[in-house]
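*Asks:* requesting a structural model of the entry that follows:
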Amino acid sequence: MSGGLIDEQPATGDKPPRRPYLRWPFIVIIVGLALPAAIYAKLTSNVRHIEVTREDLGDARPAKAPTAALNILVVGSDQRDDKYAGKRADIIMLVHMSPTRNEAAVISFPRDSLVELPACRSRERRPGQQRRIGMINSSFSSGGIGCTWKTVETLTGIHIDHFVTVDFIGFKGMVDAIGGVNLCIPEPIRDEYVQLDLPTGWQTLLGEQALGYVRTRHSIGDRSDIGRIQRQQDFVAAMAKKTLSSWTLINPVRLFGFLNTATKSITADPGLTLGVMLDLALTTRRLSSDKVHFVITPWRYSTTYPGRVEWLQGPAKKLFRLIAADKPLTGTKIRPSSPEAPPATAPCPPVNSVL
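*Replies:* Next comes the predicted model:
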């Protein structure tokens, strides 16, 4: 018999005793295999899932392209739970990934867009949405993510495969977990509404500053939602670059801190599992910058409702048809924004290392 890791002395003529230290390599291997599994289980349990059903989306959905392309709806909200009745989504994006994952397009929908909203059923203590002309981001408060999904599909004719929502409290934690994001600030920003005060030049934005930066619109550029979207796209690109850099990936503590915060901050459909997310993230890491296209839905200022924008139907429909049919945007003449919109950033002095 053996007690713990120490064997009793064998009787005369028995085989020599096994050495305790010979067992340790096997124990280390077992622990090494079990620990990642435990971490994966922990991260998986962090993610909240909401099923968007046929009752939410209706039967007249756009056809899916006959390829392995993926279309993922991304919504940024200021809370995670169901207590955001009356709140509206600040960020609405559609991420299109090509079948071989060697090219991606990110379409931003201005939150101030006046569009024809479809009827959506009430759900999760929300009132539902009547068919009417209204701002695109009101679908989120009216009917939740299912209503936003239906609204974007109806307006664009693009079949959406998955959704993910990110709450802004978690967004701040993700930025802090990677040590902040370096970004060029083209002009001073002093916005009391989002409590942001930044000088020009390269700045390392931590969580609270980062959230203020992606939300500010009152004290920079033309103070429009379009300018804010361009800044959001710049920030997302810079954050993705640092998150997927070796600086983050080769440090287990730093990587776990980021993933733990990120998974606590997101809600997705059941089909968008943690494994799928991680696979897509690592695939994105292999994309060169010229293969990721950030586009704003072609727009113009509304002449009827000051402060609102309307989509340019011809260019917008062309953009949506290309995405729906899984056609590349390379070489197309889709206008990313109105010529009235100023550039999102200005040149900054070079730095030795900008992640």
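*Asks:* just the buried residues of stretch 172-181, please?
*Replies:* 172, 173, 174, 175, 176, 177, 178, 180, 181 (16 or more other C-beta atoms under 10 Å). No exception for glycine: its C-beta is placed from N, CA and C like everyone else's.
*Asks:* ditto for stretch 266-276
*Replies:* 266, 267, 268, 269, 272, 274.
*Asks:* please give me every residue in contact with the closest residue to residue 280 other than its chain neighbours.
*Replies:* Excluding the flanking residues, the one nearest residue 280 by C-beta to C-beta, 6 or more residues apart in numbering is residue 97, at 6.9 Å. For residue 97, the contacting residues are 69, 70, 71, 72, 103, 104, 280, 283, by C-beta atoms under 8 Å, 6 or more residues apart in numbering.
*Asks:* just the element for residue 184, please.
*Replies:* According to DSSP states H and E, residue 184 maps onto strand 181-185.
*Asks:* which other helices and strands does that strand contact?
*Replies:* strand 201-205, helix 225-243 (3 or more C-beta pairs under 8 Å, 6 or more residues apart in numbering; DSSP states H and E).
*Asks:* average pLDDT for the helix or strand that it is followed by?
*Replies:* Going down the chain from strand 181-185, the next helix or strand is strand 189-191, by DSSP H and E. Averaged over strand 189-191, pLDDT sits at 89.
*Asks:* now strand 189-191: how far from the chain's centre is it?
*Replies:* 25 Å (C-alpha atoms, centre = their mean, to the nearest Å).
*Asks:* note down every partner strand of whichever helix or strand comes after it and its orientation.
*Replies:* Scanning forward in sequence from strand 189-191 by DSSP H and E, the next helix or strand is strand 196-198. Strand 196-198 has the following strand partners under DSSP bridges: strand 189-191 (antiparallel).
*Asks:* need the residues that contact the strand it pairs with.
*Replies:* Applying C-beta under 8 Å, 6+ apart, the set of residues contacting strand 189-191 is 196, 197, 198, 212, 213, 216, 218, 219, 220.
*Asks:* go again with 6 Å.
*Replies:* 196, 197, 198, 216, 218, 219, 220 (C-beta atoms under 6 Å, 6 or more residues apart in numbering).
*Asks:* and residue 309, how close does it get to residue 326?
*Replies:* 27 Å (C-beta to C-beta, to the nearest Å).
*Asks:* look at these two and report which has more neighbours.
*Replies:* residue 309 (24 against 19; other C-beta atoms under 10 Å).
*Asks:* ok, what's across the strand from the spatially closest residue to that one that is not a sequence neighbour?
*Replies:* Closest residue to residue 309 apart from its sequence neighbours, by C-beta to C-beta, 6+ apart: residue 299 at 4.5 Å. Under DSSP bridges, the beta-bridge partners of residue 299 are residue 311.
*Asks:* low pLDDT regions in the stretch 251-355 of the chain?
*Replies:* Residue ranges of the stretch 251-355 of the chain with pLDDT under 70: 331-347, 349-355.
*Asks:* would you map the helices across the protein?
*Replies:* 24-46, 54-57, 138-156, 168-177, 207-215, 225-243, 246-249, 252-265, 274-285, 313-324 (DSSP state H).
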